[in-house]
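1. return a 3D structure for these sequence lines:
(4 chains)
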Amino acid sequence: MKKVFIEGPISSAFIGDSIAKHQSKTSIGAHNIFLGQVRADEIEGKSVAAIEYSCYEELANEKLHEIREEAFQKFDLICMHIYHSLGTIKTGEVCFFVFVSAKRRKEVYSATEWIVNQVKERTPIFGKEIFEDQSHQWKVNS
Amino acid sequence: MKKVFIEGPISSAFIGDSIAKHQSKTSIGAHNIFLGQVRADEIEGKSVAAIEYSCYEELANEKLHEIREEAFQKFDLICMHIYHSLGTIKTGEVCFFVFVSAKRRKEVYSATEWIVNQVKERTPIFGKEIFEDQSHQWKVNS
Amino acid sequence: MEVTLKYFGQLVDVMGSHEEVRSVKAQNTQELLEHLQAQYAISHIPFQLAINQKLVDAEENVNLNEGDVVALLPPYAGG
Amino acid sequence: MEVTLKYFGQLVDVMGSHEEVRSVKAQNTQELLEHLQAQYAISHIPFQLAINQKLVDAEENVNLNEGDVVALLPPYAGG
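-> Now for the predicted structure:
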């Protein structure tokens, strides 16, 4: 099982690098990438400044492994990668990166969508929305 | 209308850079990216080494402008970008880059899929598949 | 018996720690939860349990064994 | 009258150029195509026309005017 959790934000350089690494695989014709970026949501008059992510890493890794196996069963993929941030991620920074590669484009969109939803539903990751005044609330996925 | 056509391959650094540029837009919560990569297809015993892309640029830009306008009508997007290579793109290199950003993730997958399909169907771009022995055949989208 | 309790998300705030080893009289998860809810203001927080990294159904009452790791997991918020 | 002809894709191979200004007797697209097909081996190549960057339906026969730009577009292959 590859490492999913990254301390801090996922940089655009890291994403560019991941793309570059797939250019030696000449059976790939289509990539699809999902990026989750921390939004400056306004909640009851206060703006979100950051989200602090934590997780139950052992259980999360088990769940991510299951999702990975199921994704390869469900979709005709050559490669897939999931990365998620831990720690404090400021607004505008990327905290979630799903990268799917296949021979043809047909299935890549729904594969990405499925993986994103499964990670959100099944992986014990917790997020604390920190407001500009340093108050906070616990985020719940909708 | 922003520039779509790029001479030569679309580098991973260019893609990383495009992602970085969106990090100041803190209303964005979800990005979806499609990348088309030139595949080393085997056709009648010969391997594709590169695709040479050309286009009718004036008409292509008109069509891309239409696609752009329609995409913003159909989907709830904050940003969208389309880039396509011209010239010789070797196997493993990226020739097509569609980048969609929205507040929430729900529609980004189908927006990307729709844009990719529209570009393929409606934009006068032509591709010559060049084999390792320098022979060629004209590519037709399936 | 001793069990390890792991707290996540909002429960860290309320319980004041991420993890503790606790001597409990509880023989099963239901008794453990009653014991915790009597001591701490956690009844307003929805959560599920995982015992030794295995999720437990909301209605299930699972027997506890010495050394079990019991995780209290509030709603997930990844992505 | 003079029209500009633009060739793309496989048609560049067959016609030997990307673009040419040509004096034609043809008054409309149908006559122009008959004229080109009589001179060049292009009948096996599917293509559509664009006149002054406007696509022409396959069945449509459009009148030509001095200075028109007629593009011959084989099947697209972008992406």
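
2. list the buried ones in the longest strand along chain A?
-> Ranked by residue count and defined by DSSP state E, the top strand of chain A is strand A:79-90. Of the residues in strand A:79-90, A:79, A:80, A:81, A:82, A:83, A:84, A:85, A:86, A:88, A:89, A:90 count as buried by neighbour count, 16 or more other CB atoms under 10 Å in any protein chain shown. Quick note: C-beta positions are derived from backbone N, CA and C, even for glycine.

3. what strands flank it, and is each parallel or antiparallel?
-> strand A:5-7 (parallel), strand A:46-55 (antiparallel), strand A:94-102 (antiparallel) (DSSP bridges).

4. out of these, deepest packed?
-> strand A:94-102 (a mean of 24; mean count of other CB atoms under 10 Å in any protein chain shown).

5. centroid residue for chain A?
-> Geometric centre of chain A, nearest residue: residue A:96, 2.6 Å, by CA atoms, centre = their mean.

6. distance of it from chain D?
-> Distance, residue A:96 to chain D, using CB to the nearest CB, to the nearest Å: 27 Å.

7. what about the residue nearest to that residue when sequence neighbours are not counted, which helix or strand?
-> Leaving aside its chain neighbours, residue A:96 sits nearest to residue A:36 (3.3 Å; criterion: CB to CB, 6 or more residues apart in numbering or on different chains). Using DSSP states H and E, residue A:36 sits within strand A:30-37.

8. wait, does whichever helix or strand comes after that strand make contact with chain C?
-> Counting by DSSP H and E, the element after strand A:30-37 in chain order, helix or strand, is strand A:42-43. No - against chain C, strand A:42-43 shows no contacts by CB under 8 Å from any CB of the partner chain, the least distance being 13.9 Å.

9. residues near whichever residue of chain C sits closest to chain B, how many?
-> Using CB to the nearest CB, the single residue of chain C nearest to chain B is residue C:79, 7.8 Å away. Residues near residue C:79, counting by other CB atoms under 10 Å in any protein chain shown, number 23.

10. dump the residue contacts of it.
-> A:36, A:84, A:95, A:96, A:116, A:119, A:120, A:125, A:141, B:105 (CB atoms under 8 Å, 6 or more residues apart in numbering or on different chains).

11. please identify which pair of the residues you listed lies farthest apart.
-> Comparing all pairs in the contacts of residue C:79 by CB to CB, the longest separation belongs to A:125 and B:105, at 15.4 Å.

12. higher neighbour count, those two?
-> Using other CB under 10 Å as the criterion, residue A:125 and residue B:105 rank with residue A:125 on top: 29 against 21.

13. perfect, that will be all.
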